[in-house]
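**Q** predicted structure and sequence below. I'll ask about it afterward.
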Amino acid sequence: MKLRIGLLQMHVELGKPDVNYAHALELMEKAMKHEPDILVLPETWNVGFFPAEHLDELADKNGERTQEMLSTFAKNNNVNIVGGTVAAKIGNDILNRSYVFNREGKIAETFDKIHGFSLSGEPGYFRMGDHLAHFNLDGVACSMAVCYDIRFPELIRREALMGVDLFFVPAAWPKIRNTHWVRLNQARAIENQFYLAAVNQAGRSGGLEYAGNSLLLDPWGEEICRLEDEEEIAFGRIDTDVIQEVRSQINVFRDRRPDIDKITAE
Ligand SMILES: NC(=O)CCC(=O)C(=O)O
């Protein structure tokens with residue numbers, strides 16, 4: 001299967017959902033001129049990462065606004081959307097939540113960021129997720145993690161073991177740790193031998209400079225495309241036959257030792 005992926009590296013205004021919903025729509029419309037099969041947005045694109053004091057009032061109630069916008073766009077434009085994440089208020093909790101829609105505008109996955117970024121106080125404001133992501137877009141097995149989650153290879157490996165060909169990483173990753181951002185994404189792609197589409201915020205938001213550097217990596221960890229640090233859209237093509245070629249050369253999924261958990265130092 002060959003698919004064209006659009007990485008929407010967006011500048012997000014902290015605490016201004018009306019501006020951000022309109023802007024995301026504008027970028028999605030612009031991207032459609034390039035006939036993508038999948039569009040990918042960054043982390044917390046509705047409110048920024050994150051307006052702590054006003055989060056409760058700004059978070060999308062039941063994720064309704066986000067779902068309505070993404071579902072309608074997906075259906076009207078016949079495109080899959082990995083909707084980055086939004087701050088969504090579900091009951092009394094705020095979640096850092098991703099909604100994924102297929103070409104029919106039907107929900108393909110709902111995934112909540114698993115690891116709270118304690119340096120920014122995230123666990124004090126968000127309820128973190130407790131299930132893995134596994135979904136299918138145009139017949140391709142997909143999974144995802146959100147930003148800080150990529151520092152936890154044990155999470156990504158568990159998802160990869162479900163059988164994943166294409167992995168998504170929406171993020172709001174600051175420029176100051178850009179080296180970590182690029183290398184961690186490369187490592188996750190190399191060790192799990194899947195395509196990886198990582199989409200970051202760009203520009204200055206709430207006093208922080210975001211790294212951009214959104215990337216599409218192949219199962220060798222090579223760059224298919226990579227953006228710089230400004231708001232921009234990039235497109236890259238994946239071909240799932242390449243995954244089988246890579247895994248037939250170095251087959252880590254066959255050669256791994258699941259019994260490693262039981263081996264001790266004694
Ligand atoms: N939004 C985030 O999770 C930020 C993560 C980050 O900056 C880091 O892991 O470093």
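**A** Received the coordinates, thanks. Residues are numbered from 1 along each chain as shown.
**Q** checking residue 74 next. Helix, strand or coil?
**A** Applying DSSP: H, G, I helix; E, B strand; the rest coil to residue 74 yields a three-state assignment of helix.
**Q** right, and it touches residue 68 too?
**A** No. Contact between residue 74 and residue 68 fails when scored by Cβ atoms under 8 Å: they sit 11.2 Å apart. C-beta here means a position set from N, CA and C on the backbone, and glycine is covered the same way.
**Q** what strand or helix carries residue 28?
**A** helix 17-32 (DSSP states H and E).
**Q** return the set of buried residues in that helix.
**A** Buried residues in helix 17-32, counted by 16 or more other Cβ atoms under 10 Å: 17, 20, 21, 23, 24, 27, 28, 31, 32.
**Q** what's it packed up against?
**A** If contacts are counted by 3 or more Cβ pairs under 8 Å, 6 or more residues apart in numbering; DSSP states H and E, helix 17-32 sits against strand 2-9, helix 64-77, strand 232-239.
**Q** and the helix or strand following it, which strands flank it?
**A** Moving toward the C-terminus from helix 17-32, the next helix or strand (DSSP H and E) is strand 38-40. Using DSSP bridges, strand 38-40 pairs in its sheet with strand 2-9 (parallel), strand 80-82 (parallel).
**Q** what's the helix or strand for residue 198?
**A** Going by DSSP H and E, residue 198 is part of strand 195-200.
**Q** return the set of buried residues in the helix or strand that that strand is followed by.
**A** For strand 195-200, the following helix or strand on the C-terminal side (DSSP H and E) is strand 202-205. Under the neighbour-count criterion of 16+ other Cβ under 10 Å, strand 202-205 has 202, 203, 205 buried.
**Q** and which of those is nearest the ligand?
**A** residue 205 (11.5 Å; Cβ to the nearest ligand atom).
**Q** can you pull the contacts of the residue lying closest to residue 96 once chain neighbours are set aside?
**A** Once flanking residues are discounted, residue 96 sits nearest to residue 113: 4.0 Å by Cβ to Cβ, 6 or more residues apart in numbering. Counting by Cβ atoms under 8 Å, 6 or more residues apart in numbering, residue 113 touches 43, 85, 95-98, 126, 128-129, 145-149.
**Q** ok so, going back, next, the angle strand 2-9 makes with the helix holding residue 28.
**A** Here helix 17-32 runs at an angle of 150 degrees relative to strand 2-9 (axes from the mean of the first three to the mean of the last three Cα atoms, to 10 degrees).
**Q** relative to strand 232-239, how tilted is helix 17-32?
**A** Using the same axes, to 10 degrees: helix 17-32 against strand 232-239 is 50 degrees.
**Q** mean confidence score for helix 17-32?
**A** For helix 17-32, mean pLDDT is 98.
**Q** any idea of the angle it forms with helix 64-77?
**A** Going by the same axes, to 10 degrees, helix 17-32 makes 20 degrees with helix 64-77.
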